[in-house]
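[1] With the input below, show me the fold.
(chains A, B and C)
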Amino acid sequence: MPERRYWLFKSEPTAYSFSDLLKEPNRTAEWDGVRNYQARNFLRDDMQAGDGVLFYHSSANPMAVVGAARIVKPGYPDSTAWDPGSIHPDPKSTPDSPIWYMVDIQGEKSFNRPVTLEEIKANPRLKDMLLVRRGMRLSIQPVTRAEWDEIVTMGEQGG
DNA sequence: GCCAACGTTGGC
DNA sequence: GCCAACGTTGGC
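    Numbering: from 1, shown residues only, chains lettered A, B, ... in the order given. Predicted coordinates for the structure are as follows:
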């Protein structure tokens, strides 16, 4: 049993929100459409079933981590890449030679309150998070155990 | 709506 | 293999 890892997934809530995830059958969705190699490597190589996911709303009001999810299916080829009807087609990726990967995540808990980007920036314990690093645009980022604990604790404070 | 940051593309 | 142009991300 590998050690549990922690991640942060960004999503624009106007495209797909945490409450959308909670409305899915079994609160589970395929996290498809990632088209960045560094994020792809995390999806393909590093994620394991059971890993924790902080769900972050970007370009939102407020910008915040709004809940927790977990990986329920580790990396497998992203079939939307060779689906010409998808919003992120990539004809270079094929079933025989996939380039892009996805995971399945299951929504676990909506926080009692959003943990805002502003609070994250103001918290010295979270100063090293990739999220607040200048120019860091990765939509999937690793998070340390300590950062996970801190954010979950903040989110579970009374609402 | 702006624009800094930065990844990707393509001409050479 | 360099690098200018271009596209995207995402906070402001």
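[2] With DNA strand B in mind, check whether stretch A:14-27 reaches it.
    No: where contact is defined by CB under 7 Å from any atom of the strand, no part of stretch A:14-27 touches DNA strand B; the two come within 12.4 Å at best. Glycine gets a C-beta too; all of them are placed from N, C-alpha and C.
[3] For whichever helix in chain A runs longest, list every residue counted as buried.
    For chain A, the helix reaching the highest residue count under DSSP state H is reported as helix A:145-155. Using 16 or more other CB atoms under 10 Å as the test for burial, helix A:145-155 gives A:147, A:148, A:150, A:151, A:152, A:154, A:155.
[4] any idea which of those is closest to DNA strand C?
    Top of the list for closeness to DNA strand C, among the buried residues of helix A:145-155 and by CB to the nearest atom of the strand, is residue A:151 at 14.7 Å.
[5] Wait, that closest one touches residue A:117, no?
    No: using CB atoms under 8 Å, residue A:151 is not in contact with residue A:117; the gap is 11.4 Å.
[6] Format the CA atom coordinates belonging to the longest helix of chain A as PDB.
    What follows is helix A:145-155 as a C-alpha-only set of coordinates in PDB (Å, rounded to 0.1, in the frame of the first residue of the first chain):
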ATOM      1  CA  ARG A 145       0.400  16.300   3.900                       C
ATOM      2  CA  ALA A 146       0.900  19.400   6.100                       C
ATOM      3  CA  GLU A 147      -0.700  21.700   3.500                       C
ATOM      4  CA  TRP A 148      -3.600  19.200   3.100                       C
ATOM      5  CA  ASP A 149      -4.200  19.100   6.800                       C
ATOM      6  CA  GLU A 150      -4.100  22.800   7.200                       C
ATOM      7  CA  ILE A 151      -6.600  23.500   4.400                       C
ATOM      8  CA  VAL A 152      -9.000  20.800   5.400                       C
ATOM      9  CA  THR A 153      -8.900  22.100   9.000                       C
ATOM     10  CA  MET A 154      -9.600  25.600   7.800                       C
ATOM     11  CA  GLY A 155     -12.400  24.400   5.600                       C
END
